[in-house]
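S.K.: The following comprises the amino acid sequence and a computationally predicted model.
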6 protein chains.
Amino acid sequence: MPHVQITWVEGRSPEQKRTIAERVTQVLIEDGRAKRENVHVAFLDVPATSYAEAGRLVADQKRSP
Amino acid sequence: MPHVQITWVEGRSPEQKRTIAERVTQVLIEDGRAKRENVHVAFLDVPATSYAEAGRLVADQKRSP
Amino acid sequence: MPHVQITWVEGRSPEQKRTIAERVTQVLIEDGRAKRENVHVAFLDVPATSYAEAGRLVADQKRSP
Amino acid sequence: MPHVQITWVEGRSPEQKRTIAERVTQVLIEDGRAKRENVHVAFLDVPATSYAEAGRLVADQKRSP
Amino acid sequence: MPHVQITWVEGRSPEQKRTIAERVTQVLIEDGRAKRENVHVAFLDVPATSYAEAGRLVADQKRSP
Amino acid sequence: MPHVQITWVEGRSPEQKRTIAERVTQVLIEDGRAKRENVHVAFLDVPATSYAEAGRLVADQKRSP
(Lines give C-alpha, C1' and ligand atoms only; values in the text may rest on other atoms or scores of the structure.)
Protein backbone atom coordinates (compact mmCIF):
# COMPACT_ATOMS: atom_id res chain seq x y z
CA MET A 1 0.00 0.00 0.00
CA PRO A 2 -1.00 2.54 -0.81
CA HIS A 3 -2.98 1.58 -3.87
CA VAL A 4 -3.87 4.49 -6.13
CA GLN A 5 -6.66 4.20 -8.73
CA ILE A 6 -6.96 7.06 -11.20
CA THR A 7 -10.13 7.05 -13.33
CA TRP A 8 -10.33 9.48 -16.22
CA VAL A 9 -11.20 9.87 -19.88
CA GLU A 10 -8.76 8.14 -22.22
CA GLY A 11 -6.30 10.15 -24.23
CA ARG A 12 -3.21 10.44 -22.06
CA SER A 13 -0.02 8.98 -23.51
CA PRO A 14 2.24 6.39 -21.90
CA GLU A 15 4.72 9.22 -21.37
CA GLN A 16 2.19 11.18 -19.36
CA LYS A 17 1.28 8.13 -17.30
CA ARG A 18 4.94 7.37 -16.71
CA THR A 19 5.53 10.84 -15.34
CA ILE A 20 2.36 10.93 -13.27
CA ALA A 21 2.98 7.49 -11.75
CA GLU A 22 6.50 8.47 -10.75
CA ARG A 23 5.47 11.83 -9.30
CA VAL A 24 2.45 10.50 -7.40
CA THR A 25 4.61 7.73 -5.96
CA GLN A 26 7.14 10.32 -4.86
CA VAL A 27 4.43 12.38 -3.14
CA LEU A 28 3.23 9.32 -1.21
CA ILE A 29 6.77 8.51 -0.11
CA GLU A 30 7.54 12.06 1.01
CA ASP A 31 4.23 12.97 2.62
CA GLY A 32 2.52 9.64 3.31
CA ARG A 33 5.24 7.50 4.85
CA ALA A 34 4.87 4.99 2.01
CA LYS A 35 7.62 2.61 0.98
CA ARG A 36 8.38 2.92 -2.71
CA GLU A 37 8.08 -0.78 -3.51
CA ASN A 38 4.59 -0.93 -2.00
CA VAL A 39 3.05 1.92 -3.99
CA HIS A 40 0.80 0.77 -6.83
CA VAL A 41 -0.81 3.14 -9.32
CA ALA A 42 -3.49 1.98 -11.78
CA PHE A 43 -4.97 4.17 -14.51
CA LEU A 44 -8.51 3.32 -15.59
CA ASP A 45 -9.05 4.93 -19.01
CA VAL A 46 -12.69 5.22 -20.05
CA PRO A 47 -14.14 6.66 -23.27
CA ALA A 48 -15.66 10.14 -23.16
CA THR A 49 -19.08 8.48 -23.31
CA SER A 50 -18.36 6.74 -20.00
CA TYR A 51 -17.63 9.67 -17.70
CA ALA A 52 -20.09 12.32 -16.62
CA GLU A 53 -19.63 15.48 -14.61
CA ALA A 54 -22.62 17.42 -13.32
CA GLY A 55 -24.86 14.84 -14.99
CA ARG A 56 -23.39 15.41 -18.44
CA LEU A 57 -21.13 13.05 -20.40
CA VAL A 58 -17.68 14.44 -21.18
CA ALA A 59 -18.41 13.51 -24.82
CA ASP A 60 -21.28 15.96 -24.78
CA GLN A 61 -19.31 18.67 -22.98
CA LYS A 62 -16.86 18.73 -25.87
CA ARG A 63 -19.61 19.74 -28.22
CA SER A 64 -20.20 22.88 -26.20
CA PRO A 65 -18.96 26.06 -27.87
CA MET B 1 -18.34 14.44 -4.45
CA PRO B 2 -20.04 12.12 -4.61
CA HIS B 3 -18.10 9.94 -7.01
CA VAL B 4 -20.11 7.11 -8.55
CA GLN B 5 -18.40 4.13 -10.18
CA ILE B 6 -20.62 1.73 -12.09
CA THR B 7 -19.01 -1.56 -13.12
CA TRP B 8 -20.89 -3.79 -15.53
CA VAL B 9 -20.61 -5.88 -18.68
CA GLU B 10 -20.15 -3.82 -21.84
CA GLY B 11 -22.99 -3.39 -24.27
CA ARG B 12 -24.84 -0.27 -23.15
CA SER B 13 -25.00 2.56 -25.65
CA PRO B 14 -23.90 6.15 -25.11
CA GLU B 15 -27.59 7.06 -25.06
CA GLN B 16 -28.21 4.69 -22.16
CA LYS B 17 -25.20 6.04 -20.27
CA ARG B 18 -26.29 9.60 -20.94
CA THR B 19 -29.71 8.91 -19.43
CA ILE B 20 -28.37 6.92 -16.48
CA ALA B 21 -25.74 9.55 -15.63
CA GLU B 22 -28.34 12.31 -15.65
CA ARG B 23 -30.85 10.35 -13.60
CA VAL B 24 -28.34 9.11 -11.02
CA THR B 25 -27.01 12.65 -10.63
CA GLN B 26 -30.55 13.88 -10.08
CA VAL B 27 -31.14 11.24 -7.38
CA LEU B 28 -28.00 12.30 -5.54
CA ILE B 29 -29.02 15.96 -5.68
CA GLU B 30 -32.55 15.31 -4.45
CA ASP B 31 -31.85 12.66 -1.82
CA GLY B 32 -28.16 13.04 -1.01
CA ARG B 33 -27.65 16.78 -0.63
CA ALA B 34 -25.13 16.72 -3.49
CA LYS B 35 -24.31 19.76 -5.56
CA ARG B 36 -24.76 19.06 -9.26
CA GLU B 37 -21.33 20.28 -10.34
CA ASN B 38 -19.60 17.97 -7.86
CA VAL B 39 -21.26 14.71 -8.94
CA HIS B 40 -19.04 12.48 -11.07
CA VAL B 41 -20.22 9.23 -12.65
CA ALA B 42 -17.80 6.77 -14.28
CA PHE B 43 -18.86 3.65 -16.16
CA LEU B 44 -16.39 0.78 -16.18
CA ASP B 45 -17.35 -1.51 -19.07
CA VAL B 46 -15.83 -4.98 -18.90
CA PRO B 47 -16.23 -7.90 -21.32
CA ALA B 48 -18.56 -10.75 -20.38
CA THR B 49 -15.47 -12.83 -19.64
CA SER B 50 -14.45 -10.35 -16.93
CA TYR B 51 -17.49 -10.38 -14.68
CA ALA B 52 -18.69 -13.29 -12.59
CA GLU B 53 -21.79 -13.74 -10.48
CA ALA B 54 -22.12 -16.68 -8.12
CA GLY B 55 -18.71 -17.87 -9.29
CA ARG B 56 -19.72 -18.04 -12.94
CA LEU B 57 -18.64 -15.71 -15.76
CA VAL B 58 -21.47 -13.78 -17.40
CA ALA B 59 -20.12 -15.12 -20.72
CA ASP B 60 -20.90 -18.62 -19.50
CA GLN B 61 -24.30 -17.70 -18.11
CA LYS B 62 -25.37 -16.70 -21.59
CA ARG B 63 -24.87 -20.22 -22.79
CA SER B 64 -27.46 -21.48 -20.35
CA PRO B 65 -30.78 -22.46 -21.90
CA MET C 1 -24.00 -6.68 -12.11
CA PRO C 2 -23.98 -3.82 -12.24
CA HIS C 3 -21.98 -2.95 -9.17
CA VAL C 4 -22.33 0.66 -8.03
CA GLN C 5 -19.81 2.25 -5.66
CA ILE C 6 -20.69 5.67 -4.29
CA THR C 7 -17.86 7.48 -2.49
CA TRP C 8 -18.73 10.64 -0.56
CA VAL C 9 -18.26 12.47 2.72
CA GLU C 10 -20.07 10.86 5.64
CA GLY C 11 -23.21 12.42 7.02
CA ARG C 12 -26.07 10.87 5.07
CA SER C 13 -28.61 8.93 7.11
CA PRO C 14 -29.70 5.33 6.57
CA GLU C 15 -32.99 6.73 5.30
CA GLN C 16 -31.20 8.71 2.61
CA LYS C 17 -29.14 5.68 1.61
CA ARG C 18 -32.24 3.51 1.53
CA THR C 19 -33.95 5.90 -0.86
CA ILE C 20 -30.89 6.42 -3.04
CA ALA C 21 -30.16 2.69 -3.30
CA GLU C 22 -33.72 1.97 -4.36
CA ARG C 23 -33.87 4.82 -6.87
CA VAL C 24 -30.45 4.08 -8.42
CA THR C 25 -31.40 0.42 -8.74
CA GLN C 26 -34.61 1.43 -10.47
CA VAL C 27 -32.69 3.63 -12.93
CA LEU C 28 -30.38 0.75 -13.83
CA ILE C 29 -33.31 -1.58 -14.38
CA GLU C 30 -35.21 0.88 -16.55
CA ASP C 31 -32.35 2.34 -18.57
CA GLY C 32 -29.54 -0.20 -18.24
CA ARG C 33 -31.21 -3.56 -18.81
CA ALA C 34 -30.16 -4.69 -15.34
CA LYS C 35 -31.93 -7.41 -13.43
CA ARG C 36 -33.01 -6.20 -9.99
CA GLU C 37 -31.45 -9.07 -8.05
CA ASN C 38 -28.05 -8.46 -9.63
CA VAL C 39 -27.74 -4.76 -8.79
CA HIS C 40 -25.41 -4.03 -5.86
CA VAL C 41 -24.90 -0.57 -4.39
CA ALA C 42 -22.15 0.17 -1.87
CA PHE C 43 -21.72 3.51 -0.10
CA LEU C 44 -18.18 4.39 0.97
CA ASP C 45 -18.47 7.10 3.64
CA VAL C 46 -15.24 8.99 4.30
CA PRO C 47 -14.59 11.83 6.76
CA ALA C 48 -14.40 15.38 5.44
CA THR C 49 -10.64 15.20 5.90
CA SER C 50 -10.48 12.33 3.41
CA TYR C 51 -12.07 13.88 0.34
CA ALA C 52 -10.63 16.71 -1.70
CA GLU C 53 -12.07 18.66 -4.61
CA ALA C 54 -9.88 20.99 -6.65
CA GLY C 55 -6.98 20.08 -4.38
CA ARG C 56 -8.75 21.18 -1.22
CA LEU C 57 -10.16 18.97 1.55
CA VAL C 58 -13.92 19.21 2.04
CA ALA C 59 -13.13 19.85 5.72
CA ASP C 60 -11.31 23.01 4.69
CA GLN C 61 -13.99 24.09 2.25
CA LYS C 62 -16.46 24.25 5.10
CA ARG C 63 -14.37 26.90 6.77
CA SER C 64 -14.82 29.17 3.78
CA PRO C 65 -17.17 32.10 4.28
CA MET D 1 -22.00 -8.88 -1.40
CA PRO D 2 -19.17 -9.26 -1.29
CA HIS D 3 -18.06 -7.42 -4.40
CA VAL D 4 -14.55 -8.25 -5.54
CA GLN D 5 -12.65 -5.97 -7.94
CA ILE D 6 -9.39 -7.32 -9.33
CA THR D 7 -7.22 -4.77 -11.17
CA TRP D 8 -4.24 -6.07 -13.12
CA VAL D 9 -2.38 -5.88 -16.39
CA GLU D 10 -4.25 -7.48 -19.29
CA GLY D 11 -3.13 -10.82 -20.67
CA ARG D 12 -5.04 -13.42 -18.70
CA SER D 13 -7.33 -15.70 -20.71
CA PRO D 14 -11.04 -16.30 -20.13
CA GLU D 15 -10.05 -19.74 -18.85
CA GLN D 16 -7.84 -18.19 -16.18
CA LYS D 17 -10.56 -15.74 -15.17
CA ARG D 18 -13.13 -18.54 -15.06
CA THR D 19 -10.97 -20.52 -12.65
CA ILE D 20 -10.02 -17.54 -10.51
CA ALA D 21 -13.62 -16.31 -10.22
CA GLU D 22 -14.80 -19.74 -9.14
CA ARG D 23 -11.98 -20.24 -6.64
CA VAL D 24 -12.22 -16.76 -5.11
CA THR D 25 -15.99 -17.19 -4.76
CA GLN D 26 -15.39 -20.50 -3.02
CA VAL D 27 -12.94 -18.88 -0.58
CA LEU D 28 -15.48 -16.19 0.33
CA ILE D 29 -18.17 -18.79 0.91
CA GLU D 30 -15.97 -20.99 3.08
CA ASP D 31 -14.12 -18.33 5.07
CA GLY D 32 -16.26 -15.20 4.73
CA ARG D 33 -19.81 -16.41 5.36
CA ALA D 34 -20.81 -15.23 1.88
CA LYS D 35 -23.77 -16.65 -0.01
CA ARG D 36 -22.74 -17.89 -3.44
CA GLU D 37 -25.39 -15.99 -5.38
CA ASN D 38 -24.32 -12.68 -3.84
CA VAL D 39 -20.62 -12.88 -4.70
CA HIS D 40 -19.62 -10.71 -7.65
CA VAL D 41 -16.13 -10.67 -9.15
CA ALA D 42 -15.04 -8.05 -11.70
CA PHE D 43 -11.69 -8.09 -13.50
CA LEU D 44 -10.36 -4.71 -14.61
CA ASP D 45 -7.74 -5.37 -17.29
CA VAL D 46 -5.44 -2.44 -17.99
CA PRO D 47 -2.56 -2.20 -20.49
CA ALA D 48 0.99 -2.46 -19.18
CA THR D 49 1.30 1.28 -19.68
CA SER D 50 -1.49 1.84 -17.16
CA TYR D 51 -0.13 0.08 -14.08
CA ALA D 52 2.88 1.14 -12.08
CA GLU D 53 4.65 -0.53 -9.18
CA ALA D 54 7.26 1.35 -7.19
CA GLY D 55 6.73 4.33 -9.48
CA ARG D 56 7.55 2.39 -12.61
CA LEU D 57 5.15 1.28 -15.35
CA VAL D 58 4.89 -2.48 -15.82
CA ALA D 59 5.58 -1.83 -19.52
CA ASP D 60 8.97 -0.43 -18.52
CA GLN D 61 9.70 -3.20 -16.05
CA LYS D 62 9.52 -5.70 -18.87
CA ARG D 63 12.40 -4.02 -20.58
CA SER D 64 14.64 -4.73 -17.62
CA PRO D 65 17.21 -7.49 -18.16
CA MET E 1 -0.42 -6.17 -9.25
CA PRO E 2 -2.91 -7.54 -9.05
CA HIS E 3 -4.78 -5.30 -6.66
CA VAL E 4 -7.83 -6.90 -5.08
CA GLN E 5 -10.55 -4.79 -3.45
CA ILE E 6 -13.21 -6.67 -1.50
CA THR E 7 -16.25 -4.61 -0.46
CA TRP E 8 -18.69 -6.15 1.98
CA VAL E 9 -20.68 -5.59 5.13
CA GLU E 10 -18.56 -5.36 8.26
CA GLY E 11 -18.49 -8.23 10.72
CA ARG E 12 -15.67 -10.48 9.58
CA SER E 13 -12.85 -11.01 12.07
CA PRO E 14 -9.15 -10.40 11.50
CA GLU E 15 -8.76 -14.19 11.47
CA GLN E 16 -11.21 -14.50 8.60
CA LYS E 17 -9.49 -11.72 6.68
CA ARG E 18 -6.09 -13.28 7.31
CA THR E 19 -7.26 -16.57 5.84
CA ILE E 20 -9.06 -15.01 2.90
CA ALA E 21 -6.12 -12.74 2.01
CA GLU E 22 -3.74 -15.70 2.04
CA ARG E 23 -6.03 -17.94 0.02
CA VAL E 24 -6.95 -15.31 -2.57
CA THR E 25 -3.27 -14.47 -2.99
CA GLN E 26 -2.53 -18.15 -3.52
CA VAL E 27 -5.24 -18.40 -6.20
CA LEU E 28 -3.78 -15.43 -8.08
CA ILE E 29 -0.30 -16.95 -7.95
CA GLU E 30 -1.45 -20.36 -9.14
CA ASP E 31 -3.99 -19.35 -11.77
CA GLY E 32 -3.11 -15.75 -12.62
CA ARG E 33 0.66 -15.74 -13.02
CA ALA E 34 0.96 -13.22 -10.18
CA LYS E 35 4.10 -12.78 -8.13
CA ARG E 36 3.37 -13.11 -4.42
CA GLU E 37 5.04 -9.86 -3.39
CA ASN E 38 2.97 -7.86 -5.86
CA VAL E 39 -0.46 -9.06 -4.74
CA HIS E 40 -2.36 -6.55 -2.62
CA VAL E 41 -5.71 -7.26 -1.00
CA ALA E 42 -7.81 -4.53 0.62
CA PHE E 43 -11.03 -5.15 2.54
CA LEU E 44 -13.55 -2.31 2.55
CA ASP E 45 -15.93 -2.93 5.46
CA VAL E 46 -19.15 -0.96 5.32
CA PRO E 47 -22.08 -0.95 7.77
CA ALA E 48 -25.23 -2.88 6.85
CA THR E 49 -26.88 0.45 6.11
CA SER E 50 -24.31 1.12 3.37
CA TYR E 51 -24.76 -1.91 1.15
CA ALA E 52 -27.83 -2.72 -0.91
CA GLU E 53 -28.69 -5.76 -2.99
CA ALA E 54 -31.68 -5.70 -5.35
CA GLY E 55 -32.38 -2.16 -4.18
CA ARG E 56 -32.65 -3.12 -0.53
CA LEU E 57 -30.19 -2.35 2.27
CA VAL E 58 -28.64 -5.38 3.92
CA ALA E 59 -29.75 -3.84 7.23
CA ASP E 60 -33.34 -4.16 6.06
CA GLN E 61 -32.89 -7.66 4.68
CA LYS E 62 -31.96 -8.85 8.15
CA ARG E 63 -35.35 -7.85 9.42
CA SER E 64 -37.01 -10.25 7.01
CA PRO E 65 -38.47 -13.37 8.62
CA MET F 1 -12.27 13.91 -13.75
CA PRO F 2 -9.87 12.58 -12.96
CA HIS F 3 -11.05 10.77 -9.87
CA VAL F 4 -8.28 9.51 -7.62
CA GLN F 5 -8.91 6.83 -5.00
CA ILE F 6 -6.10 6.15 -2.55
CA THR F 7 -6.51 3.03 -0.41
CA TRP F 8 -4.11 2.55 2.49
CA VAL F 9 -3.81 1.64 6.14
CA GLU F 10 -5.18 4.32 8.47
CA GLY F 11 -2.82 6.50 10.44
CA ARG F 12 -2.15 9.51 8.24
CA SER F 13 -3.14 12.88 9.67
CA PRO F 14 -5.43 15.45 8.06
CA GLU F 15 -2.29 17.54 7.49
CA GLN F 16 -0.70 14.73 5.49
CA LYS F 17 -3.86 14.23 3.46
CA ARG F 18 -4.15 17.96 2.85
CA THR F 19 -0.63 18.06 1.44
CA ILE F 20 -1.00 14.89 -0.61
CA ALA F 21 -4.34 15.97 -2.10
CA GLU F 22 -2.90 19.31 -3.13
CA ARG F 23 0.28 17.83 -4.59
CA VAL F 24 -1.46 15.00 -6.47
CA THR F 25 -3.93 17.50 -7.91
CA GLN F 26 -1.04 19.65 -9.04
CA VAL F 27 0.62 16.67 -10.76
CA LEU F 28 -2.58 15.88 -12.66
CA ILE F 29 -2.92 19.49 -13.79
CA GLU F 30 0.69 19.75 -14.93
CA ASP F 31 1.14 16.34 -16.52
CA GLY F 32 -2.39 15.09 -17.19
CA ARG F 33 -4.17 18.07 -18.73
CA ALA F 34 -6.68 18.06 -15.86
CA LYS F 35 -8.66 21.10 -14.84
CA ARG F 36 -8.21 21.86 -11.15
CA GLU F 37 -11.92 22.06 -10.33
CA ASN F 38 -12.56 18.61 -11.80
CA VAL F 39 -9.92 16.71 -9.81
CA HIS F 40 -11.33 14.66 -6.93
CA VAL F 41 -9.18 12.76 -4.45
CA ALA F 42 -10.66 10.28 -1.96
CA PHE F 43 -8.68 8.54 0.77
CA LEU F 44 -9.97 5.15 1.88
CA ASP F 45 -8.43 4.44 5.28
CA VAL F 46 -8.61 0.80 6.36
CA PRO F 47 -7.35 -0.81 9.57
CA ALA F 48 -4.10 -2.80 9.46
CA THR F 49 -6.20 -5.95 9.65
CA SER F 50 -7.87 -5.03 6.34
CA TYR F 51 -4.88 -4.72 4.03
CA ALA F 52 -2.61 -7.53 2.95
CA GLU F 53 0.58 -7.50 0.91
CA ALA F 54 2.05 -10.74 -0.38
CA GLY F 55 -0.76 -12.61 1.33
CA ARG F 56 0.02 -11.20 4.75
CA LEU F 57 -1.99 -8.62 6.72
CA VAL F 58 -0.14 -5.38 7.46
CA ALA F 59 -1.12 -5.96 11.10
CA ASP F 60 0.93 -9.14 11.06
CA GLN F 61 3.84 -7.59 9.22
CA LYS F 62 4.32 -5.19 12.10
CA ARG F 63 5.05 -8.06 14.39
CA SER F 64 8.04 -9.05 12.30
CA PRO F 65 11.44 -8.27 13.84
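M.R.: Arrived safely.

S.K.: Break down chain A into its strands, ranges please.
M.R.: Secondary structure of chain A (DSSP state E): strands located at A:3-9, A:40-46, A:51-53, A:56-57.

S.K.: Make TSV out of those strands and add mean pLDDT.
M.R.: Below are the strands of chain A laid out as TSV (pLDDT from 0 to 100):
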stretch	mean pLDDT
strand A:3-9	98
strand A:40-46	98
strand A:51-53	97
strand A:56-57	97
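
S.K.: Of these, give the one that comes closest to residue E:55.
M.R.: Smallest distance to residue E:55 across the strands of chain A (C-beta to C-beta): 21.7 Å, for strand A:51-53. For every residue, glycine as well, the C-beta is placed using N, CA and C.

S.K.: So what are the sheet partners of the closest one and their directions?
M.R.: strand A:56-57 (antiparallel), strand B:40-46 (antiparallel) (DSSP bridges).

S.K.: How about residues contacting that strand?
M.R.: A:7-9, A:57-58, A:61, B:17-18, B:21-22, B:25, B:37, B:39-43, F:1, F:38 (C-beta atoms under 8 Å, 6 or more residues apart in numbering or on different chains).

S.K.: And stretch A:19-29, by the same measure?
M.R.: Against stretch A:19-29 from outside (C-beta under 8 Å, 6+ apart): A:2, A:4, A:6, A:12, A:34-36, A:39, A:41, A:43, D:52, D:54-57, F:6, F:20, F:23-24, F:27-28, F:31-32.

S.K.: Would you mind listing which of the contacts of strand A:51-53 are buried?
M.R.: A:7-9, A:57-58, B:17-18, B:21-22, B:25, B:39-43, F:1, F:38 (16 or more other C-beta atoms under 10 Å in any protein chain shown).

S.K.: which residue packs closest to residue A:27, ignoring adjacent ones?
M.R.: Closest residue to residue A:27 apart from its sequence neighbours, by C-beta to C-beta, 6 or more residues apart in numbering or on different chains: residue F:23 at 4.6 Å.

S.K.: Next, count neighbours for the one you found.
M.R.: 19 (other C-beta atoms under 10 Å in any protein chain shown).

S.K.: And residue A:35, by the same measure?
M.R.: When counting by other C-beta under 10 Å, one arrives at 12 neighbours for residue A:35.
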